[in-house]
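In: Fold the stuff below for me.
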Amino acid sequence: MFILASPLEQFEIVNLIPIYFSSLNLSITNASLLMFFVVFFTFFWLSLSFFQVKLLPNYWQLLQEEFYFLTSNIIYDNLNRKGEIYFPFIFSLHLFLLFSNLVGMIPYSFTVTSHITFTFGLSLAIFIGINIIGIKTHGIHFFSLFLPRNVPLIIVPLLVTIEFLSYLVKVFTLAIRLFANMTSGHTLLKIIAGFAWTMLLSGGLLSILHLIPLSLLFILIGLELAISILQAYVFTLLTCIYLNDVLDLH
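Out: Residues are numbered from 1 along each chain as shown. Predicted coordinates:
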């Protein structure tokens, strides 16, 4: 008798190497191991573009250059020249999210971006950093971001409250968008795969009809790969947009 695992079991964080220091849990989990692997794989991929460098770029060079120009265009379109100083961070963020999403598509791996704690922590860190940049750039004038111009004095408290709350919502929208897309996509793939496997084990006509959900599964895998690439792009794009808002006080 075969018992299919829950579609949500793939998101469970498991301690691989228990490490406890006083009341702190510093254990190496499947999530932290996957992040180390993503960082290692990123450096390995980048190093391939420097292997036997030629004037006529090889495939690895060409692929990295295209990714470099894609990230550079995101920054230039939203931040113009003033965004050049932030390129190393934006490029690293885009690359890390891309490989985190793609590596999570490998069977029996782990998708760190499918956890709201990770995406929210990343969004909150970016949000705090962006505000520090805004205050350092504009000083006290930074808080004019929450007060539209030429507003009647009587409704200033209401508008400031609304602007402040909508500004805080950016943290949650940035985190939830990535988390929801990755979680829902992986859950759907697990459900379809489990459904096809159940039909195959049922025997008879159902074992032949399992090819229908199996074909759908391959289509959804291609769609999920596209979503993984797109969500890394969208997260990076929104980071640049939010950074531009505090630099230009839109």
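
In: C-alpha from now on. contacts and neighbour counts both.
Out: Fine.

In: can you list contacts of the helix or strand of the chain with the lowest mean pLDDT?
Out: For the chain, scoring each helix and strand by mean pLDDT, DSSP states H and E identifies helix 205-209 as the least confident one, at a mean of 75. Applying C-alpha atoms under 8 Å, 6 or more residues apart in numbering, the set of residues contacting helix 205-209 from outside is Met199, Leu200, Leu201.

In: how far is that helix from where the chain is centred?
Out: When distances are taken as C-alpha atoms, centre = their mean, to the nearest Å, helix 205-209 is centred 38 Å away from the chain's centroid.

In: can you check stretch 198-208 too?
Out: Per C-alpha atoms, centre = their mean, the displacement of stretch 198-208 from the mean C-alpha position of its chain is 38 Å.

In: again with stretch 95-115
Out: Relative to the chain's own centre, stretch 95-115 is displaced by 9 Å; criterion: C-alpha atoms, centre = their mean.

In: what's the following helix or strand after the least confident helix or strand of the chain?
Out: Using DSSP states H and E, the helix or strand that directly follows helix 205-209 along the chain is helix 211-248.

In: Compute the inter-axis angle for whatever helix or strand Val160 lives in and helix 211-248.
Out: Counting by DSSP H and E, the element that carries Val160 is helix 156-202. Compare the direction of helix 156-202 with that of helix 211-248 by axes from the mean of the first three to the mean of the last three C-alpha atoms, to 10 degrees and you get 160 degrees.

In: so for helix 156-202, what's the average pLDDT?
Out: Taken as a whole, helix 156-202 carries a mean pLDDT of 85.

In: Counting by contacts, list what it packs against.
Out: helix 116-138, helix 205-209, helix 211-248 (3 or more C-alpha pairs under 8 Å, 6 or more residues apart in numbering; DSSP states H and E).

In: Now that we have these, can you turn them into CSV and tack on mean neighbour count and distance to Asn78?
Out: What follows is these, written out as CSV (neighbours: other C-alpha atoms under 10 Å; distance: least, C-alpha to C-alpha, whole Å):
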stretch, mean neighbour count, distance to Asn78
helix 116-138, 16, 15
helix 205-209, 13, 50
helix 211-248, 17, 6
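
In: what number of residues lie near Arg149?
Out: Neighbours of Arg149 under the rule other C-alpha atoms under 10 Å: 8.

In: Let me know the secondary structure of it.
Out: The assignment at Arg149 comes out as coil when based on DSSP: H, G, I helix; E, B strand; the rest coil.

In: tell me the pLDDT at it?
Out: 73.

In: rewinding a little: quick one, which of the helices and strands packed on helix 156-202 is nearest to Asn181?
Out: Across the helices and strands packed on helix 156-202, Asn181 has its closest neighbour in helix 211-248 (7.7 Å, C-alpha to C-alpha).

In: How far off centre is that closest one?
Out: 8 Å.

In: Keeping just the C-alphas, turn stretch 217-227 into PDB.
Out: Extracted C-alpha coordinates of stretch 217-227, given in PDB (Å, rounded to 0.1, in the frame of the first residue of the first chain):
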ATOM      1  CA  LEU A 217       2.400  18.300 -15.100                       C
ATOM      2  CA  PHE A 218       5.100  18.800 -17.700                       C
ATOM      3  CA  ILE A 219       3.300  21.900 -18.900                       C
ATOM      4  CA  LEU A 220       3.000  23.300 -15.400                       C
ATOM      5  CA  ILE A 221       6.600  22.600 -14.700                       C
ATOM      6  CA  GLY A 222       7.500  24.800 -17.700                       C
ATOM      7  CA  LEU A 223       5.100  27.500 -16.400                       C
ATOM      8  CA  GLU A 224       6.600  27.300 -12.900                       C
ATOM      9  CA  LEU A 225      10.100  27.700 -14.300                       C
ATOM     10  CA  ALA A 226       8.900  30.900 -16.100                       C
ATOM     11  CA  ILE A 227       7.300  32.100 -12.900                       C
END
